[in-house]
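**Student:** The following block contains a protein sequence and its predicted model.
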Amino acid sequence: MFEDIVFNHWLWFVTALALIGFEVAMPGVVFLWLAIASAIVGLIVLMAPDLAWEMQFVIFSVLAVVSVFAGRSYLKKHPLETEDTTLNRRGAQYLGHNYTLVSDMENGEGKIKIGDTLWKVSGEFDGKVGDIVQVTGSSGVILTVTEKKKHDKS
């Protein structure tokens, strides 16, 4: 099967480029570490061109595992910064904003409408439909609210 394939440094460099392409197409910071391992094997094969293909795969496998664990450890200590601090924390996007209750608060729970979505809210007050509430926190899909002002029904 592998008799026709020449396992030289170019194969490993092209593999590294292909893995970087995968990383660009499907970001997850995994293919990057595999690409680094492939590039290192390419450098080793460049210096030792008679290295058997089996040994090349062993070196790649070891380097791939080491680089993935080292990369994950590095990213855990130095997380990637984002401009949007509420990214993937949808409830946090509504902190400090005021909304109108669309259902009465019963046993500390009610609902508000944000856009086209109904959100379950909790609070320590007896609010009525039409009262204005302010989002002060979130816990999963439940927003914590405080009463801003009563809706005047007259």
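**Tutor:** The structure has been received and is ready for your questions.
**Student:** Which residue ranges of this structure form helices?
**Tutor:** 9-25, 31-47, 53-77 (DSSP state H).
**Student:** okay, those in a markdown table with distance to Gly96 next?
**Tutor:** All C-beta atoms are positioned from the backbone trio N, CA, C, and that covers glycine. Formatted as a markdown table, those follow (distance: least, C-beta to C-beta, whole Å):
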| stretch | distance to Gly96 |
| --- | --- |
| helix 9-25 | 36 |
| helix 31-47 | 37 |
| helix 53-77 | 30 |
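**Student:** okay, those, which one's buried deepest?
**Tutor:** Using mean count of other C-beta atoms under 10 Å, the stretch among the helices of the chain with the largest mean neighbour count is helix 31-47, at a mean of 20.
**Student:** average pLDDT for it?
**Tutor:** Average pLDDT, helix 31-47: 95.
**Student:** Quick one: residues in contact with it.
**Tutor:** Contacts of helix 31-47 with the rest of the structure, by C-beta atoms under 8 Å, 6 or more residues apart in numbering, involve 7-13, 15-17, 19-20, 22-23, 51, 56, 59-60, 63-64, 66-68, 70-71.
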